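**Q** Sequence below, structure please.
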Amino acid sequence: WAMEAFYIGQAVAGAILLLSPKKIILGGGVMHQLQLFPLIYAEVQRNLNGYVNHPSVKEGIAEYIVPPGLGDNAGLCGSVALGLEALKRG
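**A** The predicted model follows:
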């Protein structure tokens, strides 16, 4: 899993540098391997190399990069919520 963590860590570090997101949610089949998260945290911190000096990246990375709270239903629930919101607006 080290190779997967390496590439996901590079992608996440790039997203942090480009977008400065408030939170990163990693889902999908590969992310069912929960042992990947600590490896990804280490890769992200290694890639950023202290360049991003923010507590969420330095000390709170496990709360910053997380699996989806709704698990595999996140996409479906989000789609339903967007649809309901569109219906309300008419």
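
**Q** What spatial separation is found between P38 and L84?
**A** Using CB to CB, to the nearest Å, P38 is found at 37 Å from L84. For glycine as for every other residue, the C-beta is placed from the backbone atoms N, C-alpha and C.

**Q** Comparing those two, which shows the higher neighbour count?
**A** P38 (12 against 9; other CB atoms under 10 Å).

**Q** Going by contacts, tell me the helices and strands next to the host helix or strand of the more buried one.
**A** Following DSSP states H and E, one finds P38 within helix 36-48. Helix 36-48 is packed against helix 2-19, helix 55-58, helix 61-64, strand 65-66, with contacts defined by 3 or more CB pairs under 8 Å, 6 or more residues apart in numbering; DSSP states H and E.

**Q** Would you tell me which one of those is buried the most?
**A** strand 65-66 (a mean of 18; mean count of other CB atoms under 10 Å).

**Q** which other helices and strands contact it?
**A** strand 24-25, helix 36-48.

**Q** export the ones you listed to TSV and tack on distance to V57 and mean pLDDT?
**A** Shown next, in TSV, are the helices and strands packed on strand 65-66 (distance: least, CB to CB, whole Å; pLDDT from 0 to 100):
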stretch	distance to V57	mean pLDDT
strand 24-25	10	96
helix 36-48	6	97
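
**Q** Among these, single out whichever gets nearest to P55.
**A** helix 36-48 (12.7 Å; CB to CB).

**Q** Give the buried residues for that closest one.
**A** Within helix 36-48, the residues scored as buried using 16 or more other CB atoms under 10 Å are L36, F37, L39, I40, Y41, E43, V44, Q45, N47, L48.

**Q** Can you add distance to L76 and give those back as TSV?
**A** Below are the buried residues of helix 36-48 laid out as TSV (distance: CB to CB, whole Å):
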residue	distance to L76
L36	23
F37	23
L39	28
I40	25
Y41	28
E43	30
V44	28
Q45	33
N47	32
L48	33
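
**Q** between the residues you listed, which is nearest P21?
**A** The closest of the buried residues of helix 36-48, once distances to P21 are taken by CB to CB, is V44, at 12.2 Å.

**Q** Thank you, goodbye.
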